[in-house]
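*Asks:* kindly return the folded structure for what I paste below:
(one chain, ligands or ions: 2)
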Amino acid sequence: MERTYVMVKPDGVARGLIGKIITRFEDKGLNLVSAKLLQMDEALAKAHYQEHVGKPFFDDLVSFITSGPIFAMVLEGDEAISVARKMMGETNPLEATPGTIRADFAVHMNRNVIHGSDSEASAKREIGLFFKPEELTSAKRADWNWI
Ligand code: IDP
Ligand code: MG
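*Replies:* Ligands and ions are numbered 1, 2, ... in the order given. Take a look at the predicted model:
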């Protein structure tokens with residue numbers, strides 16, 4: 001059992017895609033442990049994207065991700081990290097497989113609608129950046145045994 005951090009980015013929130021995106025994860029069988037709408041400040045954006053500091057797209061990425069509210073989620077399930085990444089698709093929506101979130105809802109790499117942790121270490125770190133321990137519920141799906 002794993003937990004992963006997933007967020008609908010400001011473009012996805014502004015476009016009214018939160019419901020559609022959550023529905024995909026619910027339909028897949030992932031368990032929603034916590035969720036909230038918030039606007040990231042520059043410090044949080046820089047901490048979250050620390051691995052990209054110094055890259056040519058970094059400043060644009062920080063200004064985009066802080067430009068409006070994001071929808072932050074913790075999702076739980078067997079292989080939740082790779083399941084969520086598969087469902088998101090490639091970073092560049094043009095390379096993402098149809099049926100994935102980025103392929104179905106996005107066109108440009110810098111407006112690709114969704115983020116998901118890429119490893120156990122980043123999931124742990126990102127969950128800790130966005131959620132206090134007491135915000136992580138012990139909610140379990142009623143259909144858990146069937147998934
Ligand atoms: P990921 O979101 O699929 O994990 P990362 O390589 O971690 O992709 O990049 C973080 C985010 O930075 C991407 O989702 C995308 O929005 C943006 N990004 C990555 N590479 C580029 C680029 O070459 N140009 C513009 N934006 C980029
Ligand atoms: Mg990444």
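
*Asks:* flag every residue of the chain that's near ligand 1.
*Replies:* Residues of the chain found near ligand 1 (CB under 6 Å from any ligand atom) are 57, 61, 91, 109, 110, 112, 115, 118. C-beta: built from backbone N, CA, C; applies to glycine.

*Asks:* nearest to residue 138 among the residues you listed?
*Replies:* residue 115 (24.5 Å; CB to CB).

*Asks:* look up which helix or strand that closest one falls in, please.
*Replies:* Taking DSSP states H and E as the definition, residue 115 sits inside strand 114-116.

*Asks:* and that strand, which strands flank it?
*Replies:* strand 2-8 (antiparallel) (DSSP bridges).

*Asks:* mean confidence score for the strand it pairs with?
*Replies:* On average, the pLDDT along strand 2-8 is 98.

*Asks:* what of stretch 63-77?
*Replies:* Here the average pLDDT along stretch 63-77 is 98.

*Asks:* what residues sit buried inside stretch 58-70?
*Replies:* 58, 61, 62, 64, 65, 66, 69, 70 (16 or more other CB atoms under 10 Å).

*Asks:* now those as TSV including secondary structure?
*Replies:* Formatted as TSV, the buried residues of stretch 58-70 follow (DSSP: H, G, I helix; E, B strand; the rest coil):
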residue	secondary structure
58	helix
61	helix
62	helix
64	helix
65	helix
66	coil
69	coil
70	strand
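
*Asks:* so which two of those residues are the farthest from each other?
*Replies:* 58 and 69 (21.2 Å).

*Asks:* can you give me the strands for the chain?
*Replies:* 2-8, 31-38, 70-77, 114-116 (DSSP state E).
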